[in-house]
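Undergrad: Okay, predicted coordinates and the sequence, questions at the end:
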Amino acid sequence: MKNKLNIDSLYRPIANFGSIGLEHRVNLFEPSKVSGEKNVPYKKDFVSTKSKGGIIGFKSVAFRNTKDSIILKGVSFSKDDIKRIPPSVYLTYSDVSEIKRIFATASSWFTSDIKNDLFQYEDNIPYRVSEKYNELSVVMNCSSGYTGSFLSIQPYVITDSLNNIGYPGVIFKCQQGVLGTCSLTEFMSLGSILIKNLENLYELSIQLMNHFMLQEEV
């Protein structure tokens, strides 16, 4: 049946930042408590017995709730890791303020007075986080996903083994372990894109569903 959206989920990759990927997900799966049907269509037509239009036979359309999220996940660069489920964090509407807080805090490490002492250098090249800030981190609890899910950010030195150089960055950790790393420049871009997508999550989800429905009509 065309335009039914009787599916589990829609996914759209957004971008990769270092070894961290951003993905948009709309979960449409919903079992019916009444009929027992495993996956209820997103769109439902019905005739209201209370509205003026319904009384004379005009149909109404109801769209049920979706579970929308932006996923932060590890991006594998190894063939051995392809079949493994990557560490991930699901972020949604209620996480916007916390995401803004932890990204603002982590960004301040590189702009405040501590920036000169944050890393240890050799020939002006950072090679590790200073012992003074070895435990520095910022953490948030996530409102969706796995029970007890969290996201933490810590300063980190990204190593380029091919060119024998290191540069400032951050490491992301979650309930499953290390989520990924990215450079300072990538981190700033990641924060900007992530926050914009979370702030506009509803509109982006509607666009994704509309795009899918248009493809179904072809």
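TA: Received, thanks.
Undergrad: contacts for the host helix or strand of Phe103?
TA: Assigned by DSSP states H and E, Phe103 falls within helix 96-108. Contacting residues not belonging to helix 96-108 are listed as 91, 138-141, 151, 153, 155, 170, 187-188, 191, 194-195, 198-199 [C-beta atoms under 8 Å, 6 or more residues apart in numbering]. Where you see a C-beta, it was placed from the backbone N, CA and C, and this is true even at glycine.
Undergrad: Any of these buried? List them.
TA: 91, 138, 140, 151, 153, 155, 170, 187-188, 191, 194-195, 198 (16 or more other C-beta atoms under 10 Å).
Undergrad: Out of these, list just those in strands.
TA: Among the buried ones among the contacts of helix 96-108, the members found in strands (DSSP state E) are 91, 138, 140, 151, 153, 155, 170.
Undergrad: Mind picking the two most distant members of these?
TA: Within those, Leu91 and Pro155 form the most distant pair, 21.6 Å apart (C-beta to C-beta).
Undergrad: most distant residue from the middle of the protein?
TA: Ile56 (45.8 Å; C-alpha atoms, centre = their mean).
Undergrad: Show me the strands in the protein, by range?
TA: Using DSSP E, strands in the chain cover 9-17, 20-27, 43-46, 60-63, 67-74, 88-91, 119-122, 125-129, 138-141, 150-160, 165-174, 177-183.
Undergrad: Determine which of those approaches Phe110 most closely.
TA: Nearest of those (C-beta to C-beta): strand 165-174, 6.7 Å.
Undergrad: what pLDDT, on average, does the closest one get?
TA: In this model, strand 165-174 has a mean pLDDT of 94.
Undergrad: got it, and stretch 75-95?
TA: For stretch 75-95, the per-residue pLDDT averages 80.
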